[in-house]
Structures are given as C-alpha cells and as structure tokens.
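Chemist: what would the 3D arrangement of this be:
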Amino acid sequence: MQKDLERKAYGRLKEWKKSVRHSTLEISGARQVGKTYLVNKFADAEYRQKIYINLLDFLKGASCLIQV
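Modeler: Numbers count the residues shown, from 1 in each chain. The predicted structure follows:
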C-alpha cells in the first residue's frame, strides 16, 4: 500500500510539471509521512538543479533576529 500511495503522489507531481501553466507547488499533509522525501526524490529525478528552503529553520532564525 505504501508504494501505491507513493506512485500516486509521484504521478500527481509529474502531472503538475507537465501542465502548461504550472504555478507554485504546495505540499501539505500529516507530519512524518514522507512529503519532503517525495519532493526531493521528484526534484532529483526531474530537474538538473534544485533549491531546498526549510521554512522552519528560516523562521527560527528570523525569531532570533526579532528578539535582538
């Protein structure tokens, strides 16, 4: 079942990429289910370069600056 869900989600990412006017990609879901893994796997396979921004780390850094 896990592989079936992964294939379905990966297929939806490929559909998003093929769409003529694909916009920002938003991935949401429960914690610890493999969202980051899936997107990284997709980006590695489908693109020559990727930029990974972890907003949780970014927000932690920003909160430190606000406190100063």
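Chemist: only C-alpha atoms for contact and neighbour calcs from this point on.
Modeler: Fine.
Chemist: how close does the residue nearest to the spatial centre of the chain get to L56?
Modeler: Against the mean C-alpha coordinate of the chain, by CA atoms, centre = their mean, the closest residue is V39 at 4.1 Å. In this view, V39 and L56 are 17 Å apart by CA to CA, to the nearest Å.
Chemist: shaky segments in this structure?
Modeler: Applying pLDDT under 70 to the chain flags residues 1-2, 58-68.
Chemist: which parts of it are helices?
Modeler: According to DSSP state H, the chain carries its helices in the segments 2-18, 35-46, 55-67.
Chemist: buried residues in the second one?
Modeler: Same thing as helix 35-46. Neighbour-count burial for helix 35-46, counted by 16 or more other CA atoms under 10 Å, picks out K35, L38, V39, A43.
Chemist: also the first one?
Modeler: Applying a neighbour-count criterion of 16+ other CA under 10 Å, the buried positions in helix 2-18 are Y10, L13.
Chemist: quick one: it to helix 35-46, angle?
Modeler: Angle of helix 2-18 versus helix 35-46, following axes from the mean of the first three to the mean of the last three CA atoms, to 10 degrees, is 60 degrees.
Chemist: by contact count, what packs against helix 2-18?
Modeler: Under the contact criterion of 3 or more CA pairs under 8 Å, 6 or more residues apart in numbering; DSSP states H and E, helix 2-18 touches helix 35-46.
Chemist: thinking again about what came up before, okay, the helices of the chain in JSON lines with distance to G29 next?
Modeler: JSON lines is the format used below for the helices of the chain (distance: least, CA to CA, whole Å):
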{"stretch": "helix 2-18", "distance to G29": "12"}
{"stretch": "helix 35-46", "distance to G29": "8"}
{"stretch": "helix 55-67", "distance to G29": "16"}
